[in-house]
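>>> quick check, what structure comes out for this input:
(2 chains)
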Amino acid sequence: MIRVVLPSHLRRLASVNGEVHLEVAGEVTQASVLDALEARYPMLRGTIRDQESGRRRAFMRFFACEEDLSHEQPDAPLPAEVVSGREPYLIVGAMAGG
Amino acid sequence: MSGVRVLVGTRKGAFVLTADGSRQNWDVSGPHFSGWEIYHVIGSPADPDRLYASQTSGWSGQVIQRSDDGGNSWQPVGNQFSYDGVPGTHQWYDGTPHPWEFERVWHLEPSLADPDTVYAGVEDAGLFKSTDGGDSWQELPGLRGHGSGPSWQPGAGGMCLHTIILDPVRSGRMFAAISAAGAFRSDDAGQTWRPVNRGLKSEGIPDPDAEVGHCVHRIAMHASRPDVLYMQKHWDVMRSDDAGESWREISGNLPTDFGFPIDVHAHEPDTVYVVPITSDSLHYPPDGKLRVYRSRTGGDEWEPLTNGLPQEHCYVNVYRDAMGVDSLDSCGVYFGTTGGQVYGSADAGDTWAPIVRDLPAVLSVEVQTLS
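Numbering: from 1, shown residues only, chains lettered A, B, ... in the order given. Below is the predicted model:
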């Protein structure tokens, strides 16, 4: 079970409270976690990554285990702590503005 | 009993203002979609309970929301806006070619007859259509592809398609306006388009009389007389009597002819409203006085409407989509400001009062008259 934490504006959009818990088949990567997230919550399509290119939106960030994974390859395996559910996968709105 | 519903889009959410036909006491609901920029909220002329909203965010992009119960509940619908084919390029601010990139939906225009059909004007300028209540969107590529598209250039606010007008009489005729490309007309339901900018003069472009390149801010039409169009251009208030084939200036005695919104009285096709703004670099009313100007002669002669509006120390702007009218017997007029006020007049502009004073900056105001 993968634990995903959404930023507040996306929790409101998806009408969820707290963490999202996902079952991910096969290798657990950023891409497979986001695929599972968007399958469960179709209204999140396009809000985290571009629907056509699959690229992360510029002001969204991905963190886990106190590391910034935003620039990692989408198909790279996620840390074992995320795969086991011990640590959450964090989707974060980047700090922006003045 | 009749009533009015005012749909307000702001920088940080949407608000719905409702009143009975007297328009004296208002109920305010919201913020809906709090924290998101709501560029536009609008109701279907064919079904007043069907609403559409354009919800955007610098972080998370575009969401389209639909309500089937007059705004009590909402559901996200389709948000994939893919340009048709290979999108090509338009001009960037520095004159270099720039790929067409979807940024946001500025304006939604529901069909006059079918609640499930709705058009979307987007940045970078393009026109999309949905026939399934917003679940899916297809571009009408004839507008971007008619020939002048590669020469279009963004205005300071981005290259947005902000105005869509559907002719209620001539089936298939529609108008669109783009900053900073100009006005365009289709006579075949959006399949093919041509520029309709003859008579516009813009000092800020190399050829003031060019076929395209004009920064049109807003166009308005009265349903009873669809060949007459009123336009607030970057500078100049204009009028066409032949469905855009030619334009003439009607700025007349306005204190400044710069501004954004323009609208027409619900029952008097020669009564027009604008909000003069000092200049393109000073986006606030002249002399710190918020004045709506009304012409009852179809332009050229304008009178200031000040009763109930701040006449000192007022430095707000009124955006292009932030004015609307109701169609009750005494026409109501409404507009919202960047200072978060929404003003209403139940007597065609003679007197005004704020409905709300402290919303986030208002991006759009649409009005539904309910029976």
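>>> what's across from B:L17 in the sheet?
Note on B:L17: beta-bridge partners by DSSP bridges are B:V6, B:V28.
>>> need the residues of chain B near chain A, please.
With the criterion set to C-beta under 8 Å from any C-beta of the partner chain, chain B comes near chain A through B:33-36, B:57-63, B:76, B:79-80, B:82. Glycine gets a C-beta too; all of them are placed from N, C-alpha and C.
>>> of these, buried ones?
B:F33, B:W36, B:S57, B:W59, B:S60, B:G61, B:Q62, B:V63, B:P76, B:N79 (16 or more other C-beta atoms under 10 Å in any protein chain shown).
>>> which residue, other than its chain neighbours, is closest to the first one?
Spelled out, it's B:F33. B:Q55 (4.9 Å; C-beta to C-beta, 6 or more residues apart in numbering or on different chains).
>>> where does the spatially closest residue to B:D257 that is not a sequence neighbour sit: helix, strand or coil?
Excluding its sequence neighbours, the residue lying closest to B:D257 (C-beta to C-beta, 6+ apart) is B:S251, at 3.8 Å. With DSSP: H, G, I helix; E, B strand; the rest coil as the basis, B:S251 sits in coil.
>>> right, and B:S251 touches B:R239 too?
No. Contact status for B:S251 versus B:R239: not in contact, 10.0 Å apart, counting by C-beta atoms under 8 Å.
>>> between the two, which one's more packed in?
For B:S251 versus B:R239, neighbours defined as other C-beta atoms under 10 Å in any protein chain shown are more numerous around B:S251 (22 against 19).
>>> what residues does that one make contact with?
B:D236, B:V237, B:D257, B:G299, B:D300 (C-beta atoms under 8 Å, 6 or more residues apart in numbering or on different chains).
>>> so who does the third one touch?
Shown here is B:D257, whose contacts under the criterion C-beta under 8 Å, 6+ apart are B:W235, B:D236, B:V237, B:E249, B:S251, B:P276.
>>> now do the last one
When the contact criterion is C-beta under 8 Å, 6+ apart, the partners of B:D300 are B:I250, B:S251, B:G252, B:N253.
>>> so what's the nearest residue to B:N197 once chain neighbours are set aside bridging to?
What sits nearest to B:N197 in space, not counting adjacent residues and going by C-beta to C-beta, 6+ apart, is B:G182, at 4.2 Å. Note on B:G182: beta-bridge partners B:I178, judged by DSSP bridges.
>>> burial count for B:G182?
25.
>>> mind checking pLDDT for it?
Per-residue confidence (pLDDT) for B:G182: 96.
>>> joint contacts of B:S251 and B:R239?
Residues touching both B:S251 and B:R239 (C-beta under 8 Å, 6+ apart) are B:G299.
>>> what does the longest helix seen in chain A rub up against?
Ranked by number of residues, the top helix in chain A under DSSP state H is helix A:30-40. With C-beta under 8 Å, 6+ apart as the contact definition, helix A:30-40 has outside contacts at A:2, A:4, A:20, A:22-26, A:44-45, A:48-49, A:54, A:62, A:69, A:72, A:74-76, A:78, A:89.
>>> repeat that for stretch B:21-34.
Here stretch B:21-34 has contacts from A:12, B:1-4, B:8, B:10, B:12-19, B:38, B:53, B:55, B:63, B:65, B:71, B:74, B:326, B:328, B:332, B:344, B:346, B:355-356, B:360, using C-beta under 8 Å, 6+ apart.
>>> from one end of that stretch to the other, what's the distance?
Start-to-end span of stretch B:21-34 (C-alpha to C-alpha, to the nearest Å) is 29 Å.
>>> one more: stretch B:316-336?
End-to-end distance for stretch B:316-336, by C-alpha to C-alpha: 10 Å.
>>> and that stretch, which residues are buried?
By neighbour count with 16+ other C-beta under 10 Å, stretch B:316-336 contains the buried residues B:316-326, B:328, B:331-336.
>>> quick one: which of those sit in strands?
B:M323, B:G324, B:V325, B:V333, B:Y334, B:F335, B:G336 (DSSP state E).
>>> where does pLDDT dip in the chain?
I went with chain A, as the question did not name one. Counting by pLDDT under 70, chain A shows low-confidence ranges at A:96-98.
>>> that's the wrong chain, I meant chain B
Applying pLDDT under 70 to chain B picks out residues B:1.
>>> do a quick rundown of the helices in it.
Going by DSSP H, chain B shows no helices.
>>> most centrally placed residue in it?
Note on chain B: the residue nearest the mean C-alpha position is B:D321, at 3.3 Å, using C-alpha atoms, centre = their mean.
>>> my read: B:V325 touches B:Y334, true?
Yes. Assessed by C-beta under 8 Å, B:V325 is found in contact with B:Y334 at 7.3 Å.
>>> ok, A:L10 - contacts?
Counting by C-beta under 8 Å, 6+ apart, A:L10 has contacts A:L44, A:T47, A:I48, A:I91, B:S60.
>>> in PDB, list the C-alpha atoms belonging to the one helix or strand it maps to.
Using DSSP states H and E, A:L10 falls within helix A:8-14. What follows is helix A:8-14, C-alpha atoms only, in PDB (Å, rounded to 0.1, in the frame of the first residue of the first chain):
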ATOM      1  CA  SER A   8      -4.500  21.000   0.000                       C
ATOM      2  CA  HIS A   9      -5.800  22.500  -3.300                       C
ATOM      3  CA  LEU A  10      -5.800  19.100  -4.900                       C
ATOM      4  CA  ARG A  11      -7.300  17.400  -1.800                       C
ATOM      5  CA  ARG A  12     -10.300  19.800  -2.200                       C
ATOM      6  CA  LEU A  13     -10.500  19.100  -5.900                       C
ATOM      7  CA  ALA A  14     -10.500  15.400  -5.400                       C
END
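>>> mind checking how far that helix is from the chain centre?
Centroid displacement of helix A:8-14 relative to its chain, using C-alpha atoms, centre = their mean, to the nearest Å, is 13 Å.
>>> across the sheet, point out what pairs with A:R61.
Taking DSSP bridges, one obtains A:V92 as the residues bridged to A:R61.
>>> burial count for it?
Residues near A:R61, counting by other C-beta under 10 Å, number 19.
>>> list the contacts of it.
Here A:R61 is in contact with A:D68, A:S70, A:I91, A:V92, A:G93, A:A94 (criterion: C-beta under 8 Å, 6+ apart).
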